[in-house]
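Visitor: The following comprises the amino acid sequence and a computationally predicted model.
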Amino acid sequence: MDEIRIISKPLADSTKTVLIGFPGSGLVGSIALQYLVDNLEFPQIGSVTSKYFPPLAMMTKGVINVPVRFYEKNDIAVVVGDIPIHPMICYEVACGLLDWFAQFKPQEVLTIAGIVTNEPEKRVFGVATNADALQRIQNDTMILPIGSISGIAGSILTECKIRDIPGLGLLGETVNNPDPRSSAATIQVLNKMYDLKLDVGPLMEQAEEIEAAMHRIAEEVQTTEAGQKKEQLPMYG
Amino acid sequence: MDEIRIISKPLADSTKTVLIGFPGSGLVGSIALQYLVDNLEFPQIGSVTSKYFPPLAMMTKGVINVPVRFYEKNDIAVVVGDIPIHPMICYEVACGLLDWFAQFKPQEVLTIAGIVTNEPEKRVFGVATNADALQRIQNDTMILPIGSISGIAGSILTECKIRDIPGLGLLGETVNNPDPRSSAATIQVLNKMYDLKLDVGPLMEQAEEIEAAMHRIAEEVQTTEAGQKKEQLPMYG
Amino acid sequence: MDEIRIISKPLADSTKTVLIGFPGSGLVGSIALQYLVDNLEFPQIGSVTSKYFPPLAMMTKGVINVPVRFYEKNDIAVVVGDIPIHPMICYEVACGLLDWFAQFKPQEVLTIAGIVTNEPEKRVFGVATNADALQRIQNDTMILPIGSISGIAGSILTECKIRDIPGLGLLGETVNNPDPRSSAATIQVLNKMYDLKLDVGPLMEQAEEIEAAMHRIAEEVQTTEAGQKKEQLPMYG
Amino acid sequence: MDEIRIISKPLADSTKTVLIGFPGSGLVGSIALQYLVDNLEFPQIGSVTSKYFPPLAMMTKGVINVPVRFYEKNDIAVVVGDIPIHPMICYEVACGLLDWFAQFKPQEVLTIAGIVTNEPEKRVFGVATNADALQRIQNDTMILPIGSISGIAGSILTECKIRDIPGLGLLGETVNNPDPRSSAATIQVLNKMYDLKLDVGPLMEQAEEIEAAMHRIAEEVQTTEAGQKKEQLPMYG
Amino acid sequence: MDEIRIISKPLADSTKTVLIGFPGSGLVGSIALQYLVDNLEFPQIGSVTSKYFPPLAMMTKGVINVPVRFYEKNDIAVVVGDIPIHPMICYEVACGLLDWFAQFKPQEVLTIAGIVTNEPEKRVFGVATNADALQRIQNDTMILPIGSISGIAGSILTECKIRDIPGLGLLGETVNNPDPRSSAATIQVLNKMYDLKLDVGPLMEQAEEIEAAMHRIAEEVQTTEAGQKKEQLPMYG
C-alpha cells in the first residue's frame, strides 16, 4: 500500500476490461494506449505515484501530467505509463495495480508490450494466463510458443495467473526505436476484440514520419560525419 | 513522518500561498527566495531536517542555520533550502512538505527552479497543475509546451497535481553557475503575481559581479594557463 | 510471510514426501522434476511468487507459467522452479517453503541439485540431515564425505536440519550445460526410493541431442571461426 | 532508539554542560576531551554502541574500551569517541545523543572539531546556534563568518538549533595529522569558559614529539627513498 | 530476534563459562574449539542461523552440519562457527548470542581469535573487559598493551563490556593460513584455566602436516612454474 499510491475514482460497475501499457521496447504499449485514450476521448479518472518512481513531472501544453494515469470509458479502463518501471519495483507495481483493480472484479486484464525480433514485420504475438483466455486472441495474434516476458508486462501476467484473473498479453513486434507502426498493429487487435473502430491512420502517418527521419539520419551519417543534429530541448537538471 | 522532521509554528489562517525554492540549476530558486525573505524581512517560523539530508550545518556570521527553513509574512509562506535534494528522497521531501502544508489548505503552491537552455536570455517558463492555475501565469511567463521537470520541483508539482492543490512552477532560464539574474527574472514574476514591490536592483548588481568575475576568469584562462586562483576558504572535513 | 507468497491448495493428508528442484549447475534439479511431473501427470496445485524474484513470466504454448510451482500426486508433492534463486534470498525462500510444508508434517524433504566435478561420469552423490535419513540413500547414491552445498539446496538442507525435518540431497554429477543425462541419473534414484517406474528413455534421447549439438558446435568452432550460429529467439526487453 | 544504544547512569542534577569530541580533522576533539577526562579524572558513567558502528574493540593496557564513552564530574558531562562517525549515521548519532541528554535539560552543548586551513596558526574558530550563545565565546574565539560544518559536529549543532538547546562549536585550526597543539588551543578556551585550570603542558610536549617525528620523517624522505619505516604492530584481521 | 535465529536446549544451571570461536586469521578460534568439542566429546545442543549468513550447508561424512553450533559439557558451553561473520552483521551476531547466553547468567565469556604478527612465534595475547577478568589470564598470556580487535571477536568483547559480563579474549599469534599450531597454543591456555587436560598432540601433528605441505609448495614454486597443483574437489555452484 505504501509502495504504490493510487488516487482514483472507482471503476464503473459495467467496466470489465483493463488495458495496461507501459513504455518498453519500441514504446509499443504506451504509444498505443495513449493514442487510444486521446482519440476515443477517455476521461482520466486517476493517478498512480510511488516513492520508487523517478522524481519527474511530465507536462503537456504547460499542464502537469502524473506519469502513470487511469482512464475509463465504455466499460474499458486503461492504464497508461509515461515512465519505464524499473525491474526492482515491477512486482510492487503489478501487485499494487492488481490489488486495486481486483476489487472491481475485471473479466480480463490485457497488457501491451513490445517484442524485439530484428525482423521487418509488425506481427502481434499473443500469450494468456490460461487456455480459455488464449482462445480469445487465437485468431487475431500469433501465439508465442515458448519463451519468457520480462519487466512490468511479465509481472502483470504472472500476478493475473496467480490471482486467477484472466490475463492477456499482446506483444507487438518491434525494434529499439519508438514504433507507432507496431502500436497500430496492436490497436488493430484491440479493434477486433473490443469493436473499438479506432482509426490508426494518423498513427501510421506518425510512424512514416519517424521512419523517414530515421532514414534521413542514416543517410546523413553515411555521407558526412558532421551529420548529427540534436534539437535544443530545454532540460531542467 | 519519520523521514522528514518539520519543526515549525503553524501557518497563520490568512496564509494562502506557499513559495518553494531549493538549489538546482543556477541555484535560481534558492537565491530568489532567500533574497525575498531577507529583503522583505520575513521572519523564520520553522525548520526541516531529515535523516536523508547530508550532515551539514550552515552558518551566517557565526550563527548556525538549519539547511531547510520556513518563513512567513503577509499571507505568504516561503520554504528555502540550502542543500540540493537527492533524487532518491525527492518523493519523501515533497510528500513531507505537502502533508504539512495541506493542513492549512493553501490556495496555491509555487515552486521556483532553473532550466538550462544554453541561450543568453533570462526568460521565465511557466507550468501548472491545471488550466485554471496556468491562467494565473499565462501573461507573465512563457508557457512550456512539452517536456519534463525532474528533481524536487518535479516531485512537488506531481504531488500538487495528485492532491488537487493548485501548483505552479516558475522555471528561470539559466546556465550551470549561480545565476542571480535568472533569480531576479523569477522575482519580477512574483512581483506581478503577489504585488510584492521587491526591488531586484541589488540582485542585479550581484549578478553583474558574478558575471564580471566569470568574464575575468575566462579571459585569464585564455591568456595564461597559470590563471587559476582559488580562495583559501577554511573547510571542516 | 511478506517475502514469499505461496498460493496453493493444502497437501493431501497422505502426502509425506516433498521433492524440490531449482535450476543450478546443469539445471539438474529442475529438469528432473519438470520431467517427472510432466510424464507422471502430476497436477499443479499451487504457485510461489516473491518481490525478490525477477519480473518474469514464462510461457508454454502461449500459456503463462508462474516461475515456481507446486504439484502433487500419489503422496508426493513436488516443487519445480524455472528461475535460479539469488544467494541473497535463499534463506527467505527456504524458510518460506519449509514454513508452508511443515504444517503438513512431511516425513522427508528431498532436494535435487547439480554438482560440478569436471569428470565424464554421471554419479549421484547423497547427503542427509541425519544418520537415519542417510541410510535411506546409502545404497543408491555415493555418500559425499566432506564439502559444502551452496545456494537454495544448501539453505533447504540447513533449514531441514534446524527444524528436525528429515532432509535428503541428491547431487547429480554434471557440467555447466543443461544436463538431462545427470537429471536422468537422479530420477533413477527416485525410481528406487519411491517406486515411480518413470521411464527416462526420452530424457536420455534429449541428452543425446544436446550432447550432439554441443559436439557439432565444438567441431564447427574448431574448423571455422564463422561457425557461431545463434537462433533468433524473440526476446522481450 | 534501536539505532543508538546508550547504557549510562543518569546525569547529576547539577550537570548543565555537555562537551562532545569525536575524531575528525587532526583528531582535535577526541584528543582534547580524552586529555581532559584523563587529567581531571572524570569517571566514566556510560557507553554508546550502535549496529552502525564498525565491529571494533579498543583496548588500553589489555582492558577493553567501548569506542564511545560518557564521563561526568563537576557539573560537566563529556562524550569522547574513538571512532569517526560515518556521514550516513551522523543524523542518527546526533539525534540519539541529544534525545538522551535532552532529558537532563542541559544549559549548553559544546562540540569540538578540527578545521583545516593549511595555515601554521592554531586559532580556535567559534560558531553557535544563536546570538546569545555566540556571545559566550565571542572574546575567546574567532567567530567564523560564513561556511559550513560537515560530519557529526555539523549534525550536533543542527540538532541543537532545531531543539532550541544552546549549542556551541569550537573549531581548532589544524592539519591532516593528529594535532595535540590544536587540541591544546581548544582546551585553553574551555579553561576560560569553565574555569577548568587544566594544564596543557604535557599535551604541548606530546605535540612537540609528534611534530619532531613529522619533521624527521620529512627530512628522511628528502635524503633517502629508503627512509620509510613502519613499526610492526600486531593487527587482528 | 529476527536477525539471528537460535534453536537450542537451554544451558545447564551449572554452566558458567561460554567459549566462542569463529573463523578469522589462521582459523585459530574455530580450529581450537572444534578440536576441543570433538576430542572431549561435547554433545551438540543447538544451532544458529540467520538470513544474513551465506546460503551454505556444511557436511561431515554425508551428514549436514549447521554452520554455527552450540555444544555443552562439564559446565562449559562452546560456540563454534564454520563461516566467517561479515563485518556488517558482527553487531547483530554478537548481540544475538549474548542476548541468548545472558539469560543463563554466565560467569565469563571467552572468545578465541587469531592475531597476525608476521613473526614465527606462537604466543597467545590476552585482553579482558575489566581488571578482575584480566587477572584470570595474566600469567598464561601476554597482555596486549594497546590496539584494537576487529570483527566478531571485537563485537563480542565490546558487548560483554557494555553488558557488564566478564569477557576474555585469547588472540593466538598466527599467519594467514590455517594454523593448528596457534590453535594448540590457545588450547594450552584453556587447559590451565579450566583444567581440561586436552592433549594437543594430534593437533600439532596436523600442524606439521600443513606446514610440511606449505614448505613443499614453496619449494615447488621455486623450482618450477608448473608446480601448482590443485586437488579436484567437487563444488556445487
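Guide: Good, I have the coordinates.

Visitor: And the closest residue to residue A:82 other than its chain neighbours, how far from chain C?
Guide: Among residues not flanking residue A:82 along the chain, residue A:67 sits closest, at 4.5 Å (CB to CB, 6 or more residues apart in numbering or on different chains). The C-beta positions use only the backbone N, C-alpha and C, and glycine is treated the same way. Using CB to the nearest CB, to the nearest Å, we find residue A:67 at a distance of 18 Å from chain C.

Visitor: lowest-confidence helix or strand of chain A?
Guide: helix A:201-223 (a mean of 82; mean pLDDT, DSSP states H and E).

Visitor: Neighbours of the residue nearest to residue A:82, how many?
Guide: Neighbouring residues of residue A:67 were enumerated by other CB atoms under 10 Å in any protein chain shown; the total is 21.

Visitor: go on, residue A:21?
Guide: 29.

Visitor: what's it in contact with, if anything?
Guide: Residue A:21 sits next to A:28-34, A:78-81, A:111-113 when contact means CB atoms under 8 Å, 6 or more residues apart in numbering or on different chains.

Visitor: List the contacts of the closest residue to residue A:62 other than its chain neighbours.
Guide: The spatial neighbour of residue A:62 that comes closest, neighbours along the chain excluded (CB to CB, 6+ apart), is residue B:143 at 3.8 Å. Contact analysis of residue B:143 by CB under 8 Å, 6+ apart lists A:61-62, B:125-127, B:134, B:137.

Visitor: ok, now how distant is the residue nearest to residue A:82 from residue A:101?
Guide: Counting by CB to CB, to the nearest Å, the gap from residue A:67 to residue A:101 is 19 Å.

Visitor: picking that back up, helices - which of the contacts of residue B:143 land there?
Guide: In this view, these that belong to helices under DSSP state H are B:134, B:137.

Visitor: Of the contacts of residue B:143, just say which sits nearest to chain E.
Guide: Using CB to the nearest CB, residue B:127 is the member of these that sits closest to chain E, with 43.9 Å.

Visitor: Just give me the neighbour total for that closest one.
Guide: Residue B:127, neighbours per other CB under 10 Å, totals 30.

Visitor: repeat for residue A:212
Guide: Neighbour number of residue A:212 under other CB under 10 Å is 10.

Visitor: ok, and the most crowded of the contacts of residue B:143?
Guide: Of those, with other CB under 10 Å as the count, residue B:127 tops at 30 neighbours.

Visitor: so where is chain A shaky, pLDDT-wise?
Guide: A:1, A:221-237 (pLDDT under 70).

Visitor: In it, what residue spans correspond to helices?
Guide: So, for chain A - with DSSP H - the helices run A:28-39, A:90-102, A:131-137, A:151-163, A:180-194, A:201-223.

Visitor: in the second one, what counts as buried?
Guide: Of the residues in helix A:90-102, those buried under the neighbour-count criterion (16 or more other CB atoms under 10 Å in any protein chain shown) are A:90-98, A:100-101.

Visitor: Output the residues you listed in a markdown table, with distance to residue D:50 appended to each entry.
Guide: Shown next, in a markdown table, are the buried residues of helix A:90-102 (distance: CB to CB, whole Å):
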| residue | distance to residue D:50 |
| --- | --- |
| A:90 | 35 |
| A:91 | 32 |
| A:92 | 30 |
| A:93 | 35 |
| A:94 | 37 |
| A:95 | 34 |
| A:96 | 34 |
| A:97 | 39 |
| A:98 | 40 |
| A:100 | 40 |
| A:101 | 44 |
